[in-house]
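# please find the sequence and the predicted model below.
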Amino acid sequence: MTIRLLELRTGRIRAYPGAGGEPWRSAIGKQPAPGPLRLTRLGLEGDQVAHPDVHGGPDQAVLAYASEHYPLWRAEGVPAGHGDFGENLLLSGLTDREACIGDRYALGEAVLQVSHPRQPCNTLARRFQRKDIVPLVWSLGRGGWYLRVLQEGWVAAGQDLTLLDRPNPGATAARVLAAFQKAAQEPGEALAMAALEGLTGEWRDKLRAKAGLS
C-alpha cells in the first residue's frame with residue numbers, strides 16, 4: 001500500500017483557556033503548511049515546542065498520525081479532525097499497528113526513523129476537554145508515533161514515504177505502547193520491546209523500570 005504524506009503541520013505556542021479558569025500553554029494546535037518545509041534534526045521549520053523538557057529533541061523531531069484514525073474517532077463520538085492530535089505529519093497508508101520501531105523511511109530529501117510511540121498525556125485531555133480521551137488512546141493504541149531525522153531535507157505534502165529498512169518487523173508503535181502499559185503484568189514482553197534496535201534510550205529505560213528492572 002502507498003504511504004502518503006497528506007499534510008505537513010506546524011504550530012506556535014499559544015495559551016488556551018482552562019476548564020477551571022487557569023490557562024495552559026501548548027503548541028498542539030498544528031496548522032497545515034502552505035508549501036514545502038525544511039525538515040531538520042530538531043523538527044519542521046517554523047514548528048514550536050512549549051515544553052522542551054518532555055517534548056521535542058532529536059528523538060522526537062516530528063509526530064506522525066494516521067488519517068485513517070479520524071473517521072474512527074468520529075464514529076465513536078469523539079469530534080476529532082485533522083491536526084487535533086498535534087501531528088506534524090498526517091499520513092495515509094500507515095497506522096500505529098503497522099509502523100514499526102526502527103523503520104527508516106525516505107520522504108522527499110529527508111530520511112526518518114520511527115523512534116517510539118506517543119504516550120498520551122493530559123494535554124490531549126485539555127485539547128479535547130474530555131477526561132476519557134487519554135484512557136481511550138491507551139486502550140485503542142491510536143496515539144501516533146515519533147520519528148527522528150537521519151537526513152535533513154525539504155519535504156512537502158503529497159509526497160510518498162518509501163520504506164528503506166525494517167529491523168523490527170512486528171514491533172509496532174501500538175505494540176510498544178501496550179507493552180509499556182502492561183509491563184508489570186507481562187514483563188517479558190516489555191523487556192523484549194526494550195531491546196529493540198532504534199528505540200529511544202528514554203523508552204528503553206521506562207520499559208525496563210516498569211518491568212521491574214532498574
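Yep, that arrived. On a predicted model such as this, the values are computed, not experimentally measured, just so you know.
# let me know whether Met193 touches Leu177 as I believe.
No. In this structure Met193 lies outside contact range of Leu177 using Cβ atoms under 8 Å: 9.5 Å. Using the backbone N, CA and C atoms, a C-beta is placed for each residue, glycine as well.
# any weak-confidence spans in the protein?
For the chain, residues meeting the criterion pLDDT under 70 lie at 20-21, 214.
# how does it look with 50?
The model of the chain has no residue with pLDDT under 50.
# center of it - which residue?
Centrality entry for the chain: nearest residue to the mean C-alpha point is Trp145, 2.7 Å, by Cα atoms, centre = their mean.
# so what pairs up with that residue in the strands?
Beta bridges link Trp145 to Ala64, Pro117, judged by DSSP bridges.
# what sits against it?
Residues in contact with Trp145 (Cβ atoms under 8 Å, 6 or more residues apart in numbering) are 63-64, 96, 99, 114-118, 173.
# what does Gly141 give?
By Cβ under 8 Å, 6+ apart, the residues touching Gly141 are 96-97, 173-174, 177-178.
# repeat that for Val62.
Shown in contact with Val62 (Cβ under 8 Å, 6+ apart): 39, 43-44, 47, 88-89, 112, 146-147, 149.
# how does it look with 6 Å?
Residues near Val62 by Cβ atoms under 6 Å, 6 or more residues apart in numbering: 43, 88-89, 147.
# mind checking which of the residues you listed land in strands?
43, 89, 147 (DSSP state E).
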